[in-house]
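Student: would you be able to build a 3D model of this:
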Amino acid sequence: MEQKKLAIIATKGSLDWAYPPFILASTAAALGYEVQVFFTFYGLQLLKKKPNLEVTPLGNPGMPMPMGMDKWFPVLGLALPGMQGMMTAMMKQKMKSKGVASIEELRELCLEAEVKMIACQMTVDLFDMPKAEFIDDVEYAGAAAFFEFAGESDICLYI
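Tutor: Alright, predicted model coming up:
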């Protein structure tokens, strides 16, 4: 029987959007899938050696707010200076208290499970991102190279 394949395109660079590609990739790898994740545009932030990821409640109406803030705090107030930092700190604390692995830990788990992580070369060039900022185990390729794998995959996800 041929090995199943999972292709993921990761485009978001925020803390809350960093979890889905790594959780899905590591789970699929544990289930025996061959997995490739193509990181493009803001998703490249997830490949940095020292990611500085934040969460933003703006434009995310489904985000559960502490102290029922979604019921009484005006949405415009979320744009106030310092709110993003405060929400990020609260989210990190909540994750830690619930025993959720860090992004770095999940990323390492993926690498140990032989998940192939590909940085979009065009985006790296577009944003003048130095390769020295990225973890060592990253491959660099264009969309065409990723499509070779994605075209044969059993599941393709855009995150």
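Student: show me where the chain has strands.
Tutor: Per DSSP state E, the chain carries strands over the ranges 5-10, 34-39, 116-120, 138-141, 155-158.
Student: helices or strands next to the fourth one in the packing?
Tutor: The one in question is strand 138-141. strand 116-120, helix 121-126 (3 or more C-beta pairs under 8 Å, 6 or more residues apart in numbering; DSSP states H and E). For the C-beta atoms, the positions are set from N, CA and C on the backbone; glycine is no exception.
Student: tell me which helix or strand of the protein sits lowest on mean pLDDT?
Tutor: helix 69-72 (a mean of 53; mean pLDDT, DSSP states H and E).
Student: okay if I get the strands of the chain as JSON lines plus mean neighbour count, mean pLDDT and distance to residue 22?
Tutor: Shown next, in JSON lines, are these (neighbours: other C-beta atoms under 10 Å; pLDDT from 0 to 100; distance: least, C-beta to C-beta, whole Å):
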{"stretch": "strand 5-10", "mean neighbour count": "24", "mean pLDDT": "98", "distance to residue 22": "9"}
{"stretch": "strand 34-39", "mean neighbour count": "25", "mean pLDDT": "98", "distance to residue 22": "8"}
{"stretch": "strand 116-120", "mean neighbour count": "22", "mean pLDDT": "98", "distance to residue 22": "10"}
{"stretch": "strand 138-141", "mean neighbour count": "15", "mean pLDDT": "97", "distance to residue 22": "14"}
{"stretch": "strand 155-158", "mean neighbour count": "14", "mean pLDDT": "97", "distance to residue 22": "12"}
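Student: nearest to residue 91, out of the ones you listed?
Tutor: Closest approach to residue 91 among the strands of the chain is made by strand 5-10 (18.8 Å; C-beta to C-beta).
Student: now for that closest one, which elements pack on it?
Tutor: helix 15-30, strand 34-39, helix 143-150, strand 155-158.
Student: starting at the chain centroid, how far to the last one?
Tutor: Okay, so that is strand 155-158. 14 Å (C-alpha atoms, centre = their mean, to the nearest Å).
Student: ok, that strand: who's next to it in the sheet?
Tutor: Applying DSSP bridges, strand 155-158 is found paired with strand 5-10 (parallel).
Student: in TSV: the helices and strands packed on strand 138-141, plus distance to residue 23.
Tutor: Shown next, in TSV, are the helices and strands packed on strand 138-141 (distance: least, C-beta to C-beta, whole Å):
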stretch	distance to residue 23
strand 116-120	14
helix 121-126	23
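Student: can you tell me which of these comes nearest to residue 147?
Tutor: That would be strand 116-120 among the helices and strands packed on strand 138-141, by C-beta to C-beta, at 11.3 Å.
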